[in-house]
Structures are given as structure tokens and as C-alpha cells.
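J.: when you get a sec, could you give me coordinates for this:
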Amino acid sequence: KKRSCPILCYNPSKDGPLACLIWSYPGDFKSREAAGQVRRSPNKFARINNSFPLLWLARGFAVLADPTIPIIGEGDQEANDRYIEQLIASAEAAVNEIVRRGVAHPDKIAVGGHSYGAFMTANLLAHAPHLFCCGIARSGAYNRTPTPFGFQVQLCPFI
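T.: Here you go, the predicted structure:
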């Protein structure tokens, strides 16, 4: 009996690569050690609502939800000092891996995020257009000048 849901029976080697959405929110860190710490419990379940990127699964997309994108400012450097360089390196690593695994078609990869993730999306589309065909920048925080004063500190667990 055939399953009706294409996601449940998807096999990259048989079915080929899919269009893919990478949805993320970068993290600012003061050291590599801090960036390497576990951020979330492996036992946490995804909360799905009408704006959650996993709904793209129902449309036949592959979704890479919340890949780690550390932005590190060590020593006298702030995270923003090498933001673009580190952002592109992380995005390239994520894209290369999903393409290598045969899950994503290299010409059909979108990037998206909310708030700081929207800022990330705009920067990736501007500085690494070879990686993504389009993006979803939802309610972006584009003014980074307040960042050194704690603007990007995550006080809300829902961001």
C-alpha cells in the first residue's frame, strides 16, 4: 500500500533532491568555547504554528530548521567585526552538507528567518547570492548599532 504523504516515504537516493528552506537565527558569542555549548535540550519538541517553517514540509520542501550559525567576537573583537565572513562560512557549510547528502537541489535553496534571522537572510542574499535562490525575511532587526548595548540579548525564550 502506498503512503499518501510524500515526506514519510521520501528517499534522497531514489527520489532525488528537493527544494529546501533553511530557517535560522544566528547566535552571538564572545568565545569559541561558548559557541560550542549545547543551546537546547535534545528532548524538546517542535512547536508548530501557522508561521513555523516546518509547514513547508507539507508543500514538499526539505527544511533545515535552526542550523547553528555562530557569530564569534573573541578578544577585543565584537561579533559584528567579522559578521559577514562568519555568516557566509556557516551558510556555505549548511548548503554544502544538504547538497552532499542529496536532500536539497543546489539551485532550489531558500533562506529565511525572523528578527535577527531576517537580518541574516538579507545579508546572505546580498553577500552570498550564489547559495540561495530566494529568501524570507520576516520582521527584521536591521539596525545593528544598538547591539553593543545589549539589544540582541535574548530575554524572550520564543525568539
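J.: so for the residue nearest the centre of the chain, what's the pLDDT?
T.: By C-alpha atoms, centre = their mean, the chain has its centre lying nearest to S24, at 2.6 Å. S24 is assigned a pLDDT of 91 by the prediction.
J.: what of G117?
T.: For G117, pLDDT reads 90.
J.: H105 belongs to a strand?
T.: Yes: judged by DSSP: H, G, I helix; E, B strand; the rest coil, H105 forms part of a strand.
J.: and for it, nearest residue in space, chain neighbours not counted?
T.: P17 (4.0 Å; C-beta to C-beta, 6 or more residues apart in numbering). Placement of C-beta: from N, CA and C, glycine included.
J.: looks like the one you found contacts V103 (just checking).
T.: Yes: counting by C-beta atoms under 8 Å, P17 does reach V103; the two are 6.2 Å apart.
J.: if I look at these two, which residues touch both of them?
T.: A62 (C-beta atoms under 8 Å, 6 or more residues apart in numbering).
J.: may I ask which helix or strand of this protein has the lowest mean pLDDT?
T.: Of all the helices and strands that make up the chain, the one with the lowest confidence by mean pLDDT, DSSP states H and E is helix 32-35; it has a mean of 75.
J.: coming back round to it: how much space between the residue nearest to the centre of the chain and V63?
T.: Here the criterion is C-beta to C-beta, to the nearest Å. By it, S24 lies 11 Å from V63.
J.: what does Y116 give?
T.: Taking C-beta to C-beta, one finds Y116 at 19 Å from V63.
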